[in-house]
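Enquirer: Give me a 3D structure for the following:
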Amino acid sequence: MPLHPATRLRDEAATTAEFAADVRAGLARRPKRIASKWLYDARGSALFERICTLPEYYLTRTELAILREHAGAIGAALGPQPLLVEYGSGSGTKTRLLLEALQDPVGYVPIELSRSALADSIERVADAFPQLAVLPLCADFTAPLALPAPPRRPRRVVVFFPGSTLGNFDTREAVALLARMRRTIGAGGAALVGIDLRKDRATLEAAYNDAAGVTAQFTLNLLARMNRELGADFDLDRFRHRARWNALAGRIETHIVSSVEQQVRVGGRRVHFTAGEAMLVEYSCKYTQAGFERIAARAGLRVECSWSDPDGAFALELLRPP
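Expert: Sure, this is the predicted structure:
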């Protein structure tokens, strides 16, 4: 099916040099830490799509159920003729549900760091909505962005940020990202943000330690990516995945743990790992409703409406500037 004539990919994706610089800085930290955005190369994105279908990973199916149940109310709340901007487009399944509920959207801007994931998302959305102007942007949504201009003037900009991806940022980073989102939507816009709500430890830890080991493959793929792109020599058999609930901080913390004392070459440098040393690669923060409202307020946003599942496991939050 031919694409809408406005469909043009703008590529501002991070370069290998930026990846190398970030890894170098992260490995020099104490404790070591690599930003979670680097988990999402082509293979990482594909593995994450598999994670979303696993029985332990309740987040995706719960958010989809919320969208199916409340799509009409969400679409009415967002209003007619919006420009929909999505941070981290992924497979686009949730996007298609939202687009079906929107009244006369003037365009869709998927923003995705993985070019392959973005290409897949563009194809699926274009097949479902051939008359919609799709304006893809291959970029890091945490960096300042200039949005592509749609062929028609929108009444408002709506940012869609599903999947509880906001939870991958600590509180300071989340406030900064929401503040940037507020600037993107402007005075008359809105944001629809998915958040995972706090629940029992067993359920939370199972979601990030699936029995099939797909999440472990996803995490350790970061080492494989460094081998491929940075000429590193990580032996993946000498590292393991670990995800644990930190009740005090209110988040799952995912680490890559060195099983033995070892030296690894990364970008021409030797990096020492002690036996049992853990390198942080992802936060997955879990929220209370009141706690999320406080974070949003610090970013200059208010929660206008919230939609949740019957068990209160997950929520979609509608945010607007006050």
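
Enquirer: Do I have it right that residue 108 meets residue 134?
Expert: Yes. With contact defined as CB atoms under 8 Å, residue 108 counts as touching residue 134 (5.2 Å). All C-beta atoms are positioned from the backbone trio N, CA, C, and that covers glycine.

Enquirer: Going along the chain, name the helices of the stretch 51-200 of the chain.
Expert: Along the stretch 51-200 of the chain, counting by DSSP state H, counting those that start in this stretch, helices occupy 58-78, 93-101, 115-128, 171-185.

Enquirer: Which neighbouring elements make contact with the first one?
Expert: With contacts defined as 3 or more CB pairs under 8 Å, 6 or more residues apart in numbering; DSSP states H and E, the secondary structure elements packing on helix 58-78 are helix 93-101, strand 190-196, helix 201-207, strand 302-308, strand 314-320.

Enquirer: which one of the ones you listed is the most hemmed in?
Expert: Greatest average neighbour count among the helices and strands packed on helix 58-78 goes to strand 190-196 (a mean of 25), per mean count of other CB atoms under 10 Å.

Enquirer: Using the centroid of this structure, identify the residue furthest from it.
Expert: Most distant from the centre of the chain: residue 261, at 32.7 Å, with distances by CA atoms, centre = their mean.

Enquirer: contacting residues for that residue?
Expert: 272-275 (CB atoms under 8 Å, 6 or more residues apart in numbering).

Enquirer: Buried members of those into PyMOL, please.
Expert: PyMOL command restricting those to the buried ones, with burial defined by 16 or more other CB atoms under 10 Å:
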select buried, resi 273
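
Enquirer: In strands, which of the contacts of residue 261 fall?
Expert: 272-273 (DSSP state E).

Enquirer: Name the nearest residue to residue 299, sequence neighbours excluded.
Expert: residue 178 (3.5 Å; CB to CB, 6 or more residues apart in numbering).

Enquirer: what's the neighbour count on the one you found?
Expert: 24 (other CB atoms under 10 Å).

Enquirer: was I right about it contacting residue 303?
Expert: No. The criterion here is CB under 8 Å, and residue 178 misses it with residue 303 at 11.2 Å.
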